[in-house]
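> take this sequence and fold it.
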Amino acid sequence: MPNKQVYDSVFRDYLNTPERLLSLCNALLRTSHTNPADVKVNTLNWTFFSNIRNDLSCFFLNRFMILMEHQHTWNENMPIRLLLYVAEEYKLFIANHARNLYRSTLMPLPAPNFYCFYDGRKEMPPRKILRLSDAFGEDISALELQVRMISLKAGQNEDLKENCPPLKEYSLFSNYLNQQLDAGLPHDEAVRKTLAYCQQNGIMQDYLEQRKKEVFDMLNFAYNEEDARSAFIEEGTEIGIQQGIQQGIQQGIQQGIKQGIQQERMHQLSRDMAQVIAMLKDGLSIESVAKYSPLTLVDIKSIARKNGLL
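Got it, this is the predicted structure:
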């Protein structure tokens, strides 16, 4: 069951409009289209029938399916995650267009393109290709999926940013926040200083004027999610998940997909934990938090106790 309260990332929330996605698609594919109607947003959200949710995706010119992810923490498993997303996208595309997979003539499909934008503090190359086949070891496979990893760090991929003003403004926002954190500022203070800096310098100005409080909440939620993930690492849970994924992929793609789904569920659990922490820090009672969280009251009390919130 999807959460009743879901926190987006600032990247997803800011860019998830036809106008901004049009600018981004033009920059990625080196086109110059001007009509926002050329973009049809099809970003996945949790539904009653599916718990899959990606960052950004759209149809472009009815010819391309562009799937984009945002990562603040480097993740080598992005190809298997995007495989799950694109399978869901094609499933919905076929259903929405009343297409029949079993007819004899070839079914035209939008061509998929995969991107992941990285704005973390770890040093990474400006661009890198992640391939699904890397997970298979030396085994020959007929299945491949390539993800173009693009760093948003200052001084990297500036030509792409210049061709996409929304992406450039987001990168200025993100890099300034990272600079404040690297300088040792507490997270809350770094966020407030970043929001003030961006508003004073006209960065994401209209967006921040409308959604300043929501942006603050989203950034705090992301920070709490990292804390929750760290707790998993301390307990060895995430290590076990990664080993299980690698073992499953080596046994074959079908088992690998099952392990990928399990990883997605664990990511969802960490998001649920982070959401609980954020609501408790906002002053909500444990009973109130339980109304909005899929976690049990016992789990919520345990999380509160471990984080000094009880």
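> okay, and the helix or strand of the chain with the least pLDDT?
Least confident helix or strand, the chain: helix 237-251 with a mean of 54, by mean pLDDT, DSSP states H and E.
> quick one: the helices in the stretch 101-250 of the chain?
Along the stretch 101-250 of the chain, the stretches classed as helices by DSSP state H, counting those that start in this stretch are 158-163, 165-182, 187-200, 205-234, 237-251.
> mean pLDDT lowest for which of these?
When the helices of the stretch 101-250 of the chain are ranked by mean pLDDT, helix 237-251 comes last with a mean of 54.
> quick one, strands of the chain?
With DSSP state E as the criterion, the chain has strands at 39-41, 56-60, 64-71, 111-118, 127-131, 146-151.
> can you put these in TSV and add distance to Glu169?
(C-beta placed from N, C-alpha, C; glycine too.) As requested, the strands of the chain are exported to TSV (distance: least, Cβ to Cβ, whole Å):
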stretch	distance to Glu169
strand 39-41	19
strand 56-60	16
strand 64-71	15
strand 111-118	13
strand 127-131	21
strand 146-151	16
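> need those in CSV (columns: mean neighbour count, distance to Glu209 and mean pLDDT).
Below are the strands of the chain laid out as CSV (neighbours: other Cβ atoms under 10 Å; distance: least, Cβ to Cβ, whole Å; pLDDT from 0 to 100):
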stretch, mean neighbour count, distance to Glu209, mean pLDDT
strand 39-41, 17, 23, 95
strand 56-60, 22, 22, 95
strand 64-71, 21, 22, 95
strand 111-118, 20, 24, 97
strand 127-131, 14, 33, 96
strand 146-151, 19, 28, 97
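> His97: which of these is closest?
His97 lies closest to strand 56-60 among those, at 11.1 Å (Cβ to Cβ).
> for Arg211, which non-adjacent residue is spatially closest?
Asp13 (7.2 Å; Cβ to Cβ, 6 or more residues apart in numbering).
> picking up where we left off before, among the strands of the chain, which is nearest Tyr292?
Nearest of the strands of the chain (Cβ to Cβ): strand 64-71, 24.5 Å.
> tell me who's in contact with Lys153.
118-119, 124, 126, 171, 175 (Cβ atoms under 8 Å, 6 or more residues apart in numbering).
> now it: how far from Phe117?
11 Å (Cβ to Cβ, to the nearest Å).
> what do you get for Lys301?
37 Å.
> again with Val191
Taken as Cβ to Cβ, the span from Val191 to Phe117 is 20 Å.
> swap in Asp55?
Taking Cβ to Cβ, one finds Asp55 at 9 Å from Phe117.
> overlap in contacts, the two.
Common neighbours of Asp55 and Phe117 (Cβ under 8 Å, 6+ apart) are 11, 68-70.
> quick check: of those, which lies closest to Leu83?
Out of the shared contacts of Asp55 and Phe117, the member with the shortest distance to Leu83 (by Cβ to Cβ) is Glu69, at 12.1 Å.
> surely the closest one and Asn54 touch.
Yes. Counting by Cβ atoms under 8 Å, Glu69 touches Asn54, with 6.6 Å between them.
> overlap in contacts of those two?
Leu82.
> give me phi/psi at the residue lying closest to Asn178 once chain neighbours are set aside?
Distances taken as Cβ to Cβ, 6+ apart place Arg121 nearest to Asn178, at 5.2 Å, with adjacent residues excluded. Reported as degrees, to the nearest 10, the phi and psi values for Arg121 are phi -90, psi -10.
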